[in-house]
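*Asks:* Generate a structure from the sequence data that follows.
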Amino acid sequence: MRVVALIHQEAACYGISFPDFPGCISGGEGLDETLAQGTEALNMHIASMLEDGDVIPVPRGLDDLRADPEFAVDFDGAVVATVPAFIPGRKTQRVNVSIDGDLLDEIDAAARTFPGGRSGFLPKRPKTRSPTLAEA
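*Replies:* Modelled structure (predicted):
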């Protein structure tokens, strides 16, 4: 799922917040860093909510958020983005893909340290940014 994020510049840095997840904030020195830090913060926030037994809200779209008077002011001057949110424990699905052989060799090398090989590694890779595949 994707979640709307609002990014505001604050002096020499940026702050990021998520209207549908109050209290989940982060920041960074540039937009790319802020998005990365915000995505990590959001996913940690969701994991914490699940551990506490909280209900995960269904993220609203841009039109719904802009129409909400509670957040209208927050959109002023904001860079609006969407970030991926991962909900642990969702049903695993089998997929069949074709990829470059060299990339597959890199994946297999990185996956050797994960329980379950490729199947254990690939679902975690987008969330943890493996150093061997950082630019993949």
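*Asks:* Can you check what pLDDT the model gives the residue nearest to Ala36 when sequence neighbours are not counted?
*Replies:* Nearest non-adjacent residue to Ala36, counting by CB to CB, 6 or more residues apart in numbering: Gly28, 7.1 Å away. Placement of C-beta: from N, CA and C, glycine included. Note on Gly28: pLDDT of 94.
*Asks:* can you list the residues that contact stretch 33-43?
*Replies:* Residues outside stretch 33-43 that contact it (CB atoms under 8 Å, 6 or more residues apart in numbering) are 3, 5, 7, 13-16, 18, 21, 24-28, 81, 83-86, 127.
*Asks:* Of the residues you listed, select the buried ones using a PyMOL command.
*Replies:* What follows is the PyMOL syntax selecting those of those that are buried according to 16 or more other CB atoms under 10 Å:
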select buried, resi 3+5+7+14+15+16+18+21+24+25+26+27+28+81+83+85
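*Asks:* Doesn't Pro57 belong to a strand?
*Replies:* No: counting by DSSP: H, G, I helix; E, B strand; the rest coil, Pro57 is located in no strand; its state is coil.
*Asks:* what number of residues lie near it?
*Replies:* Neighbour count of Pro57, defined by other CB atoms under 10 Å: 14.
*Asks:* Also Asn43?
*Replies:* Look at Asn43: counted by other CB under 10 Å, it has 19 neighbours.
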